[in-house]
Structures are given as C-alpha cells and as structure tokens.
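Asker: Show me the folded form of this:
(2 chains)
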Number of protein chains: 2
Amino acid sequence: MTGAMQITPIRGIGPIRHKDKLSSLILESTELRDRDVVVVSSKAVAKAEGRIVAIDHDDTEARIRLIESEARRVLRRRGELLITETHHGFVCANSGVDFSNVPDGFAVLLPMDPDRSARKIRDRIQAGLGIEIAVVVSDTFGRSWRNGVTDVAIGCAGIRPVVDLRGTGDMFGRILKTTQVCVADQIAAAAEMVMGKADGIPAAVVSGIDPDWFGQGSIRSDVVRRYDEDMFR
Amino acid sequence: MTGAMQITPIRGIGPIRHKDKLSSLILESTELRDRDVVVVSSKAVAKAEGRIVAIDHDDTEARIRLIESEARRVLRRRGELLITETHHGFVCANSGVDFSNVPDGFAVLLPMDPDRSARKIRDRIQAGLGIEIAVVVSDTFGRSWRNGVTDVAIGCAGIRPVVDLRGTGDMFGRILKTTQVCVADQIAAAAEMVMGKADGIPAAVVSGIDPDWFGQGSIRSDVVRRYDEDMFR
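Answerer: Just a heads-up that it's a prediction; the model follows:
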C-alpha cells in the first residue's frame, strides 16, 4: 500500500507442451527479484500438466458432456452456455473448459489443483534463485451483474490471497469493520492487461506489492465462497 | 497488450472537501503524461460533489432507509447487509453507501453520475495539459461466489471499458468467439493495490495500457448488465 507497482510480461516462453517445466521456462525468460509475484495463466499450467482431452468441437452434445463432467453443479443454462460450479468450487462458464487456443480436436481443462500447481512452480523458482516470491495462477472468468470478463486467481502460493483490513483504523480513527480485499484477484486482473488473450504470453511479473501480503494461503480455502454462505447460487 | 505497465499512487492530495476541484488537486500533485489513465476513488469524487448526508450511525432503521432510498431494487437481505441494485444499475452492498472514513454523523453516497464525473475531470485535466488521458472512477464492491472485495470501475471517460476481442484470431488461427475483456475493471483493481483503504490516497496513475483501449464508452452503457440479461438476479 505504499510505492509504485510494475507489471511486466514474460516473453519468449513460447507454446507450452505436456511435461514442460514452467518454472524453468520462466527462469530462462526473465530476471526475478525478491518479493516479485509471478502470474501464470491457467492454460499454460493445464497444458504443462497434460490437462488436455480430445473432443470434436462440432459435436455439441460431447462438449456439454465434457463440461458437465468437470462440474459439481450446473447453476444456469442458456443454450450452449452453462454456468457451473467446478469440482474446485469455482463458478464460471462451461466449467472453465477451453476450446480456443488449442489444436483442433482438443480442449484444455482447468488444472486439477491450481493451488498445488502454484506451490510447485514457486518451490522450484525459489530453490533455483534463493529468493522469496509468490505465484498466482490466473484464469479469465465472467461475473454476474457486469459485462466483460476479467482475470481472477484460481491458485496461489506464497501470498495471502485475501488481506484482512478489519481492525485497521480509518482516517477518522474508527475501526473499519469488514474490508477484506482479494488482492490475489487484483494481481491477476492487473497481469491480464500485459498478457492478453491471443498473444501467447503465458506469464507476467507483478513487482512492488505490499510486503505484508506475502504469507500463507490458498484460493480454495480463502477465496472460494462456500455454497451455503453464498446468497446468489 | 504489449509493454510493461506502471501503477503509481498520487500522494499529497489530502482529505477532499465539498467543491474541491479534483482535476486541480491531481494536476498539482503529479506529472501526467500522454495516454496515462487517472483512477480516482468514488469516495473522493462523491465528497467533492457534496454527496454527503447526515445520519446517526447508531440508528439502524435510518441507515436501512438511506440504503433503500439509494436503491432501485433490494436483491438480498441478511441482517443489516442489503445487496441492492442502485439507481445506476450497480449491484453492491448497501447501495454503495459508506459509513467509514467520514466524520461521525455522516455517510457518503455514490456519485450521482460517475461517468459524467469522469468526463469532467478528464476534460479539465486535458485542457490544462494539452495531452490525451483517460479517467476511471473506482469503488470497492463485493462479488458473488468469491470472498473478498475488489475495486471496479463505476465511471470512465476517454477509454473503451470493455475491449472486444471477438474477431481476433487465436494462436491457432481460429476466431475467438466471445472474449470481451472489461479492462476498466482491471485498471480499477490494479490501482486499488497502491491506493488502499485507510491510507487516504484517493487517486493513482496507470501508465502503459494498450493505446487501442483509448476511445469512447461509459460504464453505465457498456459494463452494467441489464436486469433482464442477467442470469443471477
């Protein structure tokens, strides 16, 4: 909450293939510094982890079956668009199954456990460099009530995704009651602006975040709202 | 979608009072360059525009009446928390009425027309400097399905808030079908990270955004989803 921040795309990583080591590709392509946050796209992580399935893009029924198999619940349906709750608990379009930016005849699923993916990438980068960093895995989700998609965090490591400002005094000395800011989603949103959709830049570095945000946490436990606590499901 | 971006807090503006000229305060406190985006907090705009009302913070019924008077619809209610649709069409907690960071006995409402507020600030800054900039008015909203608040854009000028990537080819040469990115919300989210809640920094500069995003648009017409198009209201 202090100085300026920088958001820098990591170029030169190229198309990701199954069994690629993202940590090595990132280390080869950029110079990381202590307290940087590395944001990696969900699709890059999923491809490296082999979360790709064969599917006939023109077979609507097969596509819907695949989307349903990745869902815990179907919340809404409008034609071929399904709003689902994934097995992770994310609410998004089509269970996050992506039919674009993949070779014809294939689809990319969400990583099985994006928090674990983030931890693995972080551990390997930290071991290689001897510095402290955080990793955020991002994906592009729609929202209720507002047009346009934005990037959110679906996995993280080394950062507290929700920063609790409860107990911090406001400018008039009273206690702020309920301001819990999802900084992980804001970091993902910021990084999307230099990664883009069609450019093939799968990662970015966000520098200059508040040092207090580094710590323990996961998207699954801290950000995903429980079904029974949600007023809009 | 190309180079690096910088997010810089604008310091030294100090507490905002009714009839303050935000454009002048911003011009005195920072050096803007062509194609910068100035993000200003909704609360600063509201205070400058006199959108402050007297209210007894301990009078629950009066608070709820005020929240209801700022709403077009009450969507959900849990105790003293109301999720409402404001007269602008925003879905947020308590119609955006803010009882923190104001002197005791007062509350701050949302600006009457945040797109117009953004246009005014932009026009005055551009007239003063002879450069092209954009302005985003931001506020902190909760979301369905995910814990933690994030900043979103409630007004803008000089920028297309939703950038349509429909028609842009993906890496495999096919057409991306429906990727409309709400860059205004991503800019607001990025800026929040240097503005913070309790620090009294009411504005930030985001530099380095894609030049293609400059143009015409408003949050009200481009981002607010119509009631009858929304699957979750």
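
Asker: what's the closest non-adjacent residue to the residue nearest the centre of chain A?
Answerer: Nearest to the mean C-alpha position of chain A, counting by C-alpha atoms, centre = their mean, stands residue A:138 at 2.0 Å. Spatial nearest neighbour of residue A:138, excluding adjacent residues (C-beta to C-beta, 6 or more residues apart in numbering or on different chains): residue A:188 at 3.8 Å. Backbone N, C-alpha and C define where each C-beta goes, glycine included.

Asker: and the host helix or strand of residue A:117, how far from the chain's centre?
Answerer: Following DSSP states H and E, one finds residue A:117 within helix A:114-129. In terms of C-alpha atoms, centre = their mean, to the nearest Å, the centre of helix A:114-129 is set 14 Å apart from its chain centre.

Asker: Repeat that for stretch A:117-132.
Answerer: 17 Å.

Asker: so what does the helix or strand of chain A with the lowest mean pLDDT touch, helix or strand wise?
Answerer: When the helices and strands of chain A are scored by mean pLDDT, DSSP states H and E, strand A:162-164 comes last with a mean of 91. Using 3 or more C-beta pairs under 8 Å, 6 or more residues apart in numbering or on different chains; DSSP states H and E as the contact test, the elements touching strand A:162-164 are strand A:180-182, helix A:183-195.

Asker: Chain B versus the nearest residue to residue A:154 once chain neighbours are set aside, what's the distance?
Answerer: In space, not counting the residues next to it along the chain, residue A:154 is nearest to residue A:114; the distance is 4.5 Å by C-beta to C-beta, 6+ apart. The span separating residue A:114 from chain B equals 14 Å under the rule C-beta to the nearest C-beta, to the nearest Å.

Asker: give the contact list for residue A:114.
Answerer: If a contact means C-beta atoms under 8 Å, 6 or more residues apart in numbering or on different chains, then residue A:114 has A:42, A:45, A:88, A:137, A:154, A:155, A:219 as its contacts.

Asker: Please repeat the previous calculation with a cut-off of 6 Å.
Answerer: With contacts defined as C-beta atoms under 6 Å, 6 or more residues apart in numbering or on different chains, residue A:114 is in contact with A:137, A:154, A:155.

Asker: With residue A:223 instead?
Answerer: For residue A:223, the contacting residues are A:161, B:146, B:147, by C-beta under 6 Å, 6+ apart.

Asker: how close does residue A:87 sit to residue A:111?
Answerer: Separation of residue A:87 from residue A:111 (C-beta to C-beta, to the nearest Å) stands at 11 Å.

Asker: neighbour count winner among those two?
Answerer: For the pair residue A:87 and residue A:111, the greater number of neighbours falls to residue A:111 (26 against 15), based on other C-beta atoms under 10 Å in any protein chain shown.

Asker: Please identify which helix or strand holds residue A:74.
Answerer: Applying DSSP H and E as the criterion places residue A:74 in strand A:71-78.

Asker: That strand - which strands sit beside it in the sheet, and in what orientation?
Answerer: strand A:81-86 (antiparallel) (DSSP bridges).
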